[in-house]
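[1] dropping the sequence and predicted coords here.
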Amino acid sequence: QNTFQTVDAVVIGAGFGGIYAVHKLHNEQGLTVVGFDKADGPGGTWYWNRYPGALSDTESHVYRFSFDKGLLQDGTWKHTYITQPEILEYLEDVVDRFDLRRHFRFGTEVKSATYLEDEGLWEVTTGGGAVYRAKYVINAVGLLSAINFPNLPGIDTFEGETIHTAAWPQGKSLAGRRVGVIGTGSTGQQVITALAPEVEHLTVFVRTPQYSVPVGKRPVTTQQIDEIKADYDNIWAQVKRSGVAFGFEESTVPAMSVTEEERRQVYEKAWEYGGGFRFMFETFSDIATDEEANETAASFIRNKIVETIKDPETARKLTPTGLFARRPLCDDGYFQVFNRPNVEAVAIKENPIREVTAKGVVTEDGVLHELDVIVFATGFDAVDGNYRRMEISGRDGVNINDHWDGQPTSYLGVSTAKFPNWFMVLGPNGPFTNLPPSIETQVEWISDTVAYAEENGIRAIEPTPEAEAEWTETCTQIANMTVFTKVDSWIFGANVPGKKPSVLFYLGGLGNYRGVLDDVTANGYRGFELKSEAAVAA
Ligand code: FAD
Ligand code: NA7
């Protein structure tokens, strides 16, 4: 017979989401909470992604928690964007500031969660065999966290090293080595730009070239930081009523409503200032929704790439075609790197990787690209990936993989039918934004809901299948109004072999999302079924 410990709530994950959830539930509500992370410390994304060049592409002053004024006033940063070591240190400080470390079990993977209907409790087991029972489970397992590691033919025969960017060993340097990088998304661009000056030779395997604009990383003065701190109330209010929550007002001007010359000036200014989301959403109102508008931005970026990369053949390999419709990227000198004599681009759509051998990567043209290290910047099994890696079974023994057969769904991105008292932070069909303010929004909603249940003798709360279907339909309709659905990317789960592409985000913006949550709560948890202790006893 297994012995188990009983707590009020189990929190899975120690990134932004898990840290804040433990703080809310324990420090503010006095519940007993145990948090788990398979990492050996807090930080989540920023614990794992220690690759050279890892940087947030949200500006420093809004890539942080907003919930505590003292924390905001004590915060500081050196540049307009913060690096991985700085974010990790920030999150470690938050954990210590709010005395949260003692609630976490690090180096501990959660293997399963099973709902025990008679007890009204979840039974959670860890990789080490520990068993916990809890009324509530809060999953803060990360949406870009489960690694996508493609299985290239012959990879096991490679005599060099392979490293995924999201499992980068602390302090690992590749200086002086011959390195191949597979993947040119946000991560690939960052690691390529950082590695180029220090490695002996860099081979970049480019499958789909991407649109990218300068990030605009600049030093900041103490005075600039003080001005932001003095204005934080307004800044966060604006972030939380905006769409993408990146700290700027989204444009309301359609691209085709101005002259070509005016458009060029707007893009040029945005290019100079920097920022991927700014370029897509602060310039014009319809780049993400109208193909003609989209093409004006896309062609501007293509021209910049061609101007930047000196060798025309290399420029061709790095220049995207078609819609500018993935998560908008920004970089710190990525295209310039291809002018270096030690950097080479291999276009693997036209010349695919045939196999990996002991010495390196062989492409279809028969060329062996000799390598000491292969870096996989191949991204993530986004959004539902970490859920599907656990054994999760809800009411009536329904497994999450069966419940999500075909498409992962949710009601409001935070809950799903048949899984009572089981909450998700950034679950399927949650908001697509600068994420800390969305994470805070969801954690606050979840902890308020837990408080409501505790105060009102609620034994179980879960959404109705109808409410879940309606939310899925809402998210699908909104996604179909955008250009994002027209290209393959992780935003729709179209980046992992065998994964069925589907709508994974609410693209209606954070302001609207917060309005929906408020409305649901104000209307007696519309769409949820609440079962009281009294009803069960009777
Ligand atoms: P995470 O930080 O991903 O934490 C989840 C944790 O759960 C992980 O530590 C994981 O180990 C743990 N976990 C998962 N499953 C289990 C299990 N079964 N048992 C135990 N532990 C488990 N967002 C932005 O808004 N702006 C950016 O600029 C930005 N840049 C990014 C750059 C990179 C390289 C990456 C990968 C992501 C970036 N993101 C960015 C997204 C980023 O993930 C979020 O901003 C945020 O950090 C997510 O926090 P989280 O707590 O939800 O999840
Ligand atoms: P992404 O954006 O999913 O990029 C992954 C890259 O890896 C992309 O260029 C892929 O090419 C490439 N890839 C993936 N699998 C393969 C295989 N099998 N062969 C060759 N190339 C491959 O992940 P990132 O980590 O860059 O960024 C994800 C998010 O995390 C980002 O938006 C930030 O928010 C942080 P493809 O484009 O699919 O042709």
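    Thanks, I have the structure now. Ligands and ions are numbered 1, 2, ... in the order given.
[2] show the backbone phi and psi for residue 11.
    Dihedral pair for residue 11: phi -120, psi 130, per degrees, to the nearest 10.
[3] identify the residue nearest it in space, chain neighbours excluded?
    Leaving aside its sequence neighbours, residue 11 sits nearest to residue 35 (Cβ to Cβ, 6 or more residues apart in numbering; 4.2 Å). C-beta here means a position set from N, CA and C on the backbone, and glycine is covered the same way.
[4] what about that neighbour, how many residues nearby?
    The tally of other residues near residue 35 (other Cβ atoms under 10 Å) stands at 28.
[5] which residues of the stretch 1-150 of the chain lie near ligand 1?
    Residues of the stretch 1-150 of the chain that fall close to ligand 1, judged by Cβ under 6 Å from any ligand atom: 12-18, 36-39, 44-45, 47, 49, 54, 56-58, 63, 109-110, 140-142, 144-145.
[6] show me where the stretch 301-450 of the chain has its helices.
    All helices of the stretch 301-450 of the chain, identified by DSSP state H, counting those that start in this stretch, fall at 312-318, 385-388, 400-403, 435-455.
[7] got JSON lines for the ones you listed, with distance to residue 500, mean pLDDT and mean neighbour count too?
    Listed next are these as JSON lines, based on distance: least, Cβ to Cβ, whole Å; pLDDT from 0 to 100; neighbours: other Cβ atoms under 10 Å:
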{"stretch": "helix 312-318", "distance to residue 500": "30", "mean pLDDT": "98", "mean neighbour count": "16"}
{"stretch": "helix 385-388", "distance to residue 500": "12", "mean pLDDT": "97", "mean neighbour count": "20"}
{"stretch": "helix 400-403", "distance to residue 500": "12", "mean pLDDT": "97", "mean neighbour count": "16"}
{"stretch": "helix 435-455", "distance to residue 500": "24", "mean pLDDT": "98", "mean neighbour count": "21"}
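[8] can you list the ones you listed in a markdown table and add distance to ligand 2?
    Shown next, in a markdown table, are the helices of the stretch 301-450 of the chain (distance: least, Cβ to the nearest ligand atom, whole Å):
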| stretch | distance to ligand 2 |
| --- | --- |
| helix 312-318 | 12 |
| helix 385-388 | 12 |
| helix 400-403 | 22 |
| helix 435-455 | 9 |
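[9] closest one to residue 472 among these?
    helix 400-403 (12.6 Å; Cβ to Cβ).
[10] do that closest one and ligand 1 meet at all?
    No. For helix 400-403, no contact with ligand 1 is found by Cβ under 6 Å from any ligand atom; the gap never falls below 12.1 Å.
[11] which other helices and strands does that helix contact?
    helix 385-388 (3 or more Cβ pairs under 8 Å, 6 or more residues apart in numbering; DSSP states H and E).
[12] which among the helices of the stretch 301-450 of the chain is found nearest to residue 487?
    helix 312-318 (17.3 Å).
[13] tell me the helices and strands packed up against the closest one.
    helix 291-308, strand 343-347.
[14] so how far is that helix off the chain centroid?
    Distance of helix 312-318 from the chain centroid (Cα atoms, centre = their mean, to the nearest Å) equals 30 Å.
[15] mind saving the C-alpha coords of it as CSV?
    Coordinates of each C-alpha in helix 312-318 appear next as CSV, following Å, rounded to 0.1, in the frame of the first residue of the first chain:
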residue,chain,number,x,y,z
PRO,A,312,23.5,37.1,-53.8
GLU,A,313,23.3,33.3,-53.6
THR,A,314,23.5,33.4,-49.8
ALA,A,315,20.9,36.2,-49.7
ARG,A,316,18.6,34.0,-51.8
LYS,A,317,18.9,31.1,-49.4
LEU,A,318,18.0,33.4,-46.4
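[16] just say helix, strand or coil for the residue in the stretch 51-200 of the chain positioned nearest to ligand 1.
    In the stretch 51-200 of the chain, the residue that lies nearest ligand 1 is residue 142 (2.2 Å; Cβ to the nearest ligand atom). Secondary structure for residue 142, judged by DSSP: H, G, I helix; E, B strand; the rest coil, is coil.
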